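**Q** All I have is the shape, not the residue letters:
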Ligand SMILES: Nc1nc2c(ncn2[C@@H]2O[C@H](COP(=O)(O)OP(=O)(O)OP(=O)(O)O)[C@@H](O)[C@H]2O)c(=O)[nH]1
């Protein structure tokens, strides 16, 4: 009948921990080349998102553009290590910068950085990164920066100034070196420098220099930090980490301090890493900054600056190593600082396995910095969070499946509807990735005694009737257990049972039950036409149907309604005729074959409905000046539940190509009150800032996503559990709630309505880019949204990485539902989850 679990991938990307523990692939190569053919991936994508190609057809005007690098062609940074750094400029004193280390058993590391500038383009990225270790040779890293200059006064103005400055800085590049010591910087021109540090057994040093930027009034400073370590790795690591953390804190404070001078966003990040065992090497990072008037980039120890007027920037980083992945062992982390996005230069290294990444960085804006700075910076090394450049090649897939086609082995929706119109049964199966449940369903209005006998023979014996709320109210049929409706969205919603009063005897025979079912389907029926309790079990359909809950009740009513029949269904769970257990998929298929019944998947039904129904309505648009700049606010109302969502739009979306997009889940505590428990507020700030800098983009703010869909009250309860030792995933489970009940279809439709066609999505969450694809949208790039890691949020972030598949690095270490899970928990910081 209806035990379908709420966490259906198409509805609420509820990431059960099991599904979340799956990783993309065991290797990056497989991530790059094998993933798309991976059936699990396909089904995950099919289930959660939609094929860009397929949906394009639906909307007709979808215009999908391939990544210019081409699918699968772009360099995937599969070097688990990378280096990152970021820098910031700050007001007077402080410094920034960061770095990461890499270890190499032997010797030196070189770093190079390159800066690239791009002028006009909106995108920029700066970056950072972490380090890598390689047993053999060297690693290099360097990186980049972002700048912020600050000037003047108010925070608001300053933020805009920072934005301008950072907008001027653009791009990042990365260089990578592979095995040997060479480093190549791929992308662009300008300066590169290298620094090297070496240490004998292990050392890490990081040096960074930063450049300053000054903007009109304010100053800038540069600083460098370096850390070195000596032999003992532990001490070195600790020292480096502490140094880095201190640098980070200083940088974060610098960001805030810069905010004092002007608030600009700047930020910094640092990272350090320590390698546990063997060695460490250093990396240097450089930062460059640009200001509106001048820009410079510098890199590492010696800084060379290039100036070009407006744009510029810098960054690069990379490291490489042949094979070892540092990410797991040596942890490095990075953080953020301002700027960037987009254009990534993907440089890649030549060597087989390594590639580098650079990335961009981010920052927190002044306003957010308060929260970030309020919490002590965490010692890095707990979160493997390399910052990477925007990537373009790991989630645009041809292999998502065509939503017009049924899943393999299932009947099409159209065929199913035709069958229902003829008064016949169909078998409805919930997601084959979960526990299978098959139900025999048909239109209640067309049910005969023979049909009920068939259901009794093959089913559980319980005959249920799916009904809409208004019909239940008309018949005065309250829920048997009202509290379950809200507390447990996965629970079937049985009302009190009934028998038709007229023309029946005991109510239990097939004929009597058929009469009851037909009576329930009649719009003319009244409450007094039924005896209560009885032998038929009405079930309350949740408004929105399978788009809200992927249950058999909703599926059956949706199908009957789509067939043009009164929206009342009859359904019964199919069981194994031999032992009474739940019928297996093969049993279901056998039954379908024997009786020529269509067998339909709820996943396909959801896809079918989503393709055809508009779920949001634009209700108003207004000008919205913000502290970041001028935006326009678009209000949308969900047709499913009336929730109002907002999209904040910058610039002219135009042809909708390559739009910088953030789909942000509501987090009252983080977004409004600056909670340091999570990174939400800082991410929102950063997204707004980056869009302002880009001059074009959209933040969709999804209400109802609070606490990953569990609501504010539950989230606060989850906080308490986390204070008692649970991680964020365990806390939700402990509360009996979904780990992640969010659904992104509404967000996708809002983006579509605004005119977005292809987007560079700012997220670290794979579920998001999967969930947003389709609807005539394609995700052509990912822009990491990395903000400072603090003592308060580091465990949360680490849990997101290890248990929820969030991707922080250049390598794909996160998980995606449906992909094997051997890699995710790779040993780093297990106790942090
Ligand atoms: N249940 C629960 N929800 C939380 C907690 N901290 C933040 N959230 C919610 O998590 C949601 C944000 O999800 P995240 O996983 O942080 O980030 P994301 O949006 O999935 O991914 P990004 O795009 O990378 O930011 C918001 O709705 C927050 O309210 C927590 O401790 N428990």
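**A** It's in. In this text the structure is predicted, and so the values were computed from the model without any measurement.

**Q** Give me the average confidence score over the host helix or strand of residue 731.
**A** Under DSSP states H and E, the secondary-structure element containing residue 731 is helix 728-734. Helix 728-734 carries an average pLDDT of 92.

**Q** name the helices or strands packed onto it?
**A** Applying 3 or more C-beta pairs under 8 Å, 6 or more residues apart in numbering; DSSP states H and E, one finds that helix 728-734 makes contact with helix 17-20, helix 712-723, helix 794-804. C-beta coordinates here come from the backbone N, C-alpha and C atoms, glycine included.

**Q** Tabulate those helices (JSON lines), appending mean neighbour count, mean pLDDT and distance to residue 536.
**A** Formatted as JSON lines, these follow (neighbours: other C-beta atoms under 10 Å; pLDDT from 0 to 100; distance: least, C-beta to C-beta, whole Å):
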{"stretch": "helix 17-20", "mean neighbour count": "19", "mean pLDDT": "30", "distance to residue 536": "36"}
{"stretch": "helix 712-723", "mean neighbour count": "16", "mean pLDDT": "96", "distance to residue 536": "35"}
{"stretch": "helix 794-804", "mean neighbour count": "24", "mean pLDDT": "87", "distance to residue 536": "42"}
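
**Q** Tabulate the ones you listed in CSV, adding columns for distance to the ligand.
**A** What follows is the helices and strands packed on helix 728-734, written out as CSV (distance: least, C-beta to the nearest ligand atom, whole Å):
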stretch, distance to the ligand
helix 17-20, 11
helix 712-723, 4
helix 794-804, 5
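
**Q** which one of the ones you listed lies closest to residue 408?
**A** In terms of C-beta to C-beta, the element of these nearest to residue 408 is helix 17-20, at 19.9 Å.

**Q** And residue 719, how far from residue 702?
**A** For residue 719, the distance to residue 702 equals 21 Å [C-beta to C-beta, to the nearest Å].

**Q** Now do the SS call for residue 746.
**A** helix (DSSP: H, G, I helix; E, B strand; the rest coil).

**Q** does residue 683 count as helix, strand or coil?
**A** helix.

**Q** What is the burial count for the closest residue to it other than its chain neighbours?
**A** The spatially closest residue to residue 683, leaving aside those adjacent along the chain, is residue 785, at 4.8 Å (C-beta to C-beta, 6 or more residues apart in numbering). Residue 785 has 24 neighbouring residues, counting by other C-beta atoms under 10 Å.

**Q** Is residue 785 in contact with residue 762, as I believe?
**A** Yes - using C-beta atoms under 8 Å, residue 785 is in contact with residue 762, at 4.8 Å.

**Q** joint contacts of these two?
**A** Counting by C-beta atoms under 8 Å, 6 or more residues apart in numbering, the common neighbours of residue 785 and residue 762 are 662, 683, 686, 687.

**Q** Identify the farthest-apart pair in these.
**A** 662 and 686, at 8.6 Å, using C-beta to C-beta across those.

**Q** Is any residue of the helix holding residue 731 near the ligand?
**A** Yes - using C-beta under 6 Å from any ligand atom, helix 728-734 reaches the ligand at 728, 732.

**Q** contacts for that helix?
**A** Taking C-beta under 8 Å, 6+ apart as the rule, helix 728-734 contacts 17, 20, 707-708, 710, 714, 717-719, 721-722, 726, 738-740, 796, 799-800, 803-804, 833.

**Q** about what we covered before: of all the helices and strands packed on helix 728-734, which one comes closest to residue 417?
**A** Comparing the helices and strands packed on helix 728-734 by C-beta to C-beta, helix 17-20 comes nearest, at 30.5 Å.

**Q** Can you get me the start-to-end distance on stretch 748-764?
**A** 17 Å (C-alpha to C-alpha, to the nearest Å).

**Q** is that stretch up against the ligand anywhere?
**A** Yes - in terms of C-beta under 6 Å from any ligand atom, part of stretch 748-764 sits within range of the ligand, namely 763, 764.

**Q** List the buried residues for that stretch?
**A** 748-754, 756-764 (16 or more other C-beta atoms under 10 Å).

**Q** same check, this time on stretch 500-516
**A** For stretch 500-516, by 16+ other C-beta under 10 Å, it's 500, 501, 504, 507, 509, 510, 511, 512, 513, 514, 515, 516.

**Q** Tell me which two in those are the farthest apart.
**A** Between any two of the buried residues of stretch 500-516 (C-beta to C-beta), the greatest distance is 17.8 Å, for 501 and 510.

**Q** Need the nearest residue in space to residue 592, chain neighbours excluded.
**A** Counting by C-beta to C-beta, 6+ apart, the residue nearest residue 592 is residue 599, at 4.3 Å.

**Q** That neighbour: how many residues sit nearby?
**A** 20.

**Q** Tell me the one of the buried residues of stretch 748-764 nearest residue 607?
**A** residue 748 (12.7 Å).

**Q** quick one: that closest one and the ligand, what's the gap?
**A** 14 Å (C-beta to the nearest ligand atom, to the nearest Å).

**Q** Same question for residue 744.
**A** On the measure of C-beta to the nearest ligand atom, residue 744 and the ligand end up 10 Å apart.

**Q** Over to residue 479?
**A** With C-beta to the nearest ligand atom as the criterion, residue 479 and the ligand are 27 Å apart.

**Q** Let me see the contact set for that residue.
**A** Residue 479 touches 485, 493, 494, 495, 540, counting by C-beta under 8 Å, 6+ apart.

**Q** Return the closest of the residues you listed with respect to residue 671.
**A** Nearest to residue 671 among these, with distances taken as C-beta to C-beta, is residue 485, at 28.8 Å.

**Q** Can you check the pLDDT for the closest one?
**A** Predicted confidence (pLDDT) for residue 485: 62.

**Q** just checking, residue 508 touches residue 531?
**A** No - proximity of residue 508 to residue 531 does not meet the contact threshold set by C-beta under 8 Å, at 11.9 Å.

**Q** Low-confidence regions, the protein specifically.
**A** 1-404, 431-434, 483-490, 773-775, 809-833 (pLDDT under 70).

**Q** got the residues of it near the ligand?
**A** Residues of the chain lying near the ligand (C-beta under 6 Å from any ligand atom): 665-667, 677-678, 680, 683, 705-708, 710, 715, 718-719, 722, 728, 732, 763-765, 768, 785, 796, 800, 806.

**Q** how does it look with 5 Å?
**A** Proximity of the chain to the ligand (C-beta under 5 Å from any ligand atom) is limited to residues 665, 667, 678, 683, 705, 707-708, 715, 718, 728, 763-765.

**Q** tell me the two of these that are most distant?
**A** Pairwise over those, using C-beta to C-beta, the maximum falls at 718 and 763, 21.5 Å.

**Q** For residue 671, give me its contacts.
**A** 664, 680, 681, 684.

**Q** Which member of the residues you listed is positioned nearest the ligand?
**A** Proximity of these to the ligand, judged by C-beta to the nearest ligand atom, is greatest for residue 680, which lies at 5.2 Å.

**Q** Now the closest one: closest residue in space that isn't a chain neighbour?
**A** Nearest to residue 680 is residue 670, by C-beta to C-beta, 6+ apart, at 3.2 Å.
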